[in-house]
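Novice: structure of the sequence below:
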Amino acid sequence: MFVKVSRSKRNNKVHETLQIAESYRDSNGKVRHRILLHLGPTDKFIKKDVDTLINGLLRAKGLTLQDLDSNIDNVKAFGQIWALVHLWKELKMSQIIARQKEKSGIKFDLEAHLKSLIFNRLDDPSSKLKLLTWLETVYIPGINKDDIRYEYLLRAMDFLIAHKEKIETQLANRLLDLFNQDLKVCFYDLTSSYFEAENSLVEGDIRQFGYSRDHRGDREQIVIGVVMTGDGIPIAHYVFPGNKADRSTLQEMLNDIRRRFKVKDIQLVADKGLLSNDNLWHLIQQGYEFILGESVRQSKDAKSVIKEANAHKEATGETIYERLTEREIKSKDGKKEKIKLRYVASYNAAMALKRYKNRINRINEFLELSEEIKKKEINTEDKYHQIKSVLSRKRLSRFFDVELTEDTIEIHKQDEVLSEEEKSDGWFIVISNAHDLSKSELIARYKDLKYVEHGFYELKHSLNLRPNFHWTEKRIRAHVMVCFLAFQMAVLFEKRLSGIKLSWQRAMESLRRVVVVEWENEGRRRKGLSRVHVEQLEIFQEIGSSKPTLLSL
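Specialist: Numbers count the residues shown, from 1 in each chain. Next comes the predicted model:
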């Protein structure tokens, strides 16, 4: 229910009328308004009348307008918290936590501390110390901010990581039930996250130097793997040392997923960084179907397929080409086996042009910098090393040979290598042993890895996986798990909003405007709730939540 200003135009003059209205949905599901009471023209409804009406309504609750004007001392965001409380209940998080807490011996309010950690990650990601300040700005039903203590937050994190497998598995199964899904298709990808605080590494430290997706090879990092369903529901995550090679994580992940979720037939979809002879051997021997990216540069078979695909595209105009290829694989102990794999190449003209222009720009920049370095008044050997450094930084080493003689530096462009590179621009290749999908369906399924990539973006940016101020392995893993649990809630939130095509971040932003006000009246602490607008009401309805009322507080 709300006050509505109705405007109409008569005789070139705008007339305004005050009405009391309410929102409802018609038979087509659209939000409509119905008028409950006409209060009259606004020009006749003077401020005194407004105050009288409001005071009359407040008097029914034992309050006056003066009470509110003079005594409000706290305003807390509530709408977004109310939505998160609903999602928390839908995921049955209280029951999942309670089952693991039974034998833990924990006496403090564990659920309140975990809820604070995860809600904070979704609402205003911050450090554990700043979280205590955040609690002063939000209203969480059933949680007294004075009862949340920093040391208990850390102990709650320790609890999480001690029970990671059971909590994660039960929550994943709940998500799968909610969306009536199974694990027939399993997407897997990895990312890295670096540390900004400088702490000395110790023996066996999980923080290590390695390949950085964030281009921060100067910082220690961890590697994080995420498993999702074909519809983008995150079900499991893994944390590895920062120097762990992507391909060395695959078998561990598959064995874990098969054991935990009691599934035998899984179709794996993964990027080319996971491809190796040993992994192929494992996948074939264990009976997995797979769709894997293949390196266009490093594989002779892939180069051959690209050559055929280019000729086919020129002749037919088709941008997807398939060839069945026999490939020999071998195990670590030297066993060999020949298998037939589908090699499917897909072409994207826009991507081809983008890669070509990017490479030309880098080449021109390199040549200009090389000439500047040659003019420097330093010895020839230093010039040589500087040019080699620029070549490496521009990722152009395979396209140029740099030769050092006693007094000169010669730069030779590798035209044949460049020509081969241009022919592969815009193409990518997947290999698969799945035979029930067309070549177009194979490509489409591989492209669905975007769900995982989007998930990594959410973890790193929306949920602020970094900065990670922890330095012990247990706390580092627990911090990642808090972020992952928040990510699972965010995915549920956004899927519930699919009908109105609203992101969970935009929904949170809108709902924050529903606030709780607090004030003192006659020695009693009182609470009030701001009006829920149409957009906010629609969000609550989409996620299946009731509208918050004073009874919710």
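
Novice: look up how far residue 238 lies from the nearest residue to residue 473 once chain neighbours are set aside.
Specialist: Spatial nearest neighbour of residue 473, excluding adjacent residues (Cβ to Cβ, 6 or more residues apart in numbering): residue 206 at 4.6 Å. For the C-beta atoms, the positions are set from N, CA and C on the backbone; glycine is no exception. For residue 206, the distance to residue 238 equals 12 Å [Cβ to Cβ, to the nearest Å].

Novice: please report how far the closest residue to residue 93 other than its chain neighbours lies from residue 206.
Specialist: Closest residue in space to residue 93, ignoring its immediate chain neighbours: residue 171 at 7.4 Å, by Cβ to Cβ, 6+ apart. Separation of residue 171 from residue 206 (Cβ to Cβ): 23 Å.

Novice: what's the weakest-modelled helix or strand in the chain?
Specialist: Lowest by mean pLDDT, DSSP states H and E among the helices and strands of the chain is helix 65-71, with a mean of 52.

Novice: I'd like the next helix or strand past the lengthiest helix in the chain.
Specialist: Criterion DSSP state H: the longest helix present in the chain is helix 349-374. Per DSSP states H and E, the first helix or strand lying C-terminal to helix 349-374 is helix 380-393.

Novice: elements contacting that following helix?
Specialist: Counting contacts by 3 or more Cβ pairs under 8 Å, 6 or more residues apart in numbering; DSSP states H and E, helix 380-393 is packed against helix 349-374, strand 400-404, strand 409-413.

Novice: want to throw the ones you listed into a markdown table with mean pLDDT and mean neighbour count?
Specialist: Shown next, in a markdown table, are the helices and strands packed on helix 380-393 (pLDDT from 0 to 100; neighbours: other Cβ atoms under 10 Å):
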| stretch | mean pLDDT | mean neighbour count |
| --- | --- | --- |
| helix 349-374 | 94 | 14 |
| strand 400-404 | 93 | 15 |
| strand 409-413 | 93 | 13 |
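
Novice: and those as TSV, adding distance to residue 282?
Specialist: Below are the helices and strands packed on helix 380-393 laid out as TSV (distance: least, Cβ to Cβ, whole Å):
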stretch	distance to residue 282
helix 349-374	31
strand 400-404	39
strand 409-413	42
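
Novice: and of these, who's closest to residue 214?
Specialist: For residue 214, the closest of the helices and strands packed on helix 380-393 is helix 349-374, at 19.3 Å, according to Cβ to Cβ.

Novice: which strands or helices does the closest one pack on?
Specialist: Against helix 349-374 (3+ Cβ pairs under 8 Å, 6+ apart) you get helix 380-393, strand 409-413.

Novice: isn't residue 74 right up against residue 518?
Specialist: Yes: with contact defined as Cβ atoms under 8 Å, residue 74 reaches residue 518; the gap is 4.1 Å.

Novice: between the helices and strands packed on helix 380-393, which one is nearest to residue 116?
Specialist: Closest approach to residue 116 among the helices and strands packed on helix 380-393 (Cβ to Cβ): helix 349-374, 44.0 Å.

Novice: now do that closest one and strand 409-413, the angle between them.
Specialist: Computed with axes from the mean of the first three to the mean of the last three Cα atoms, to 10 degrees, the direction of helix 349-374 lies at 170 degrees from that of strand 409-413.
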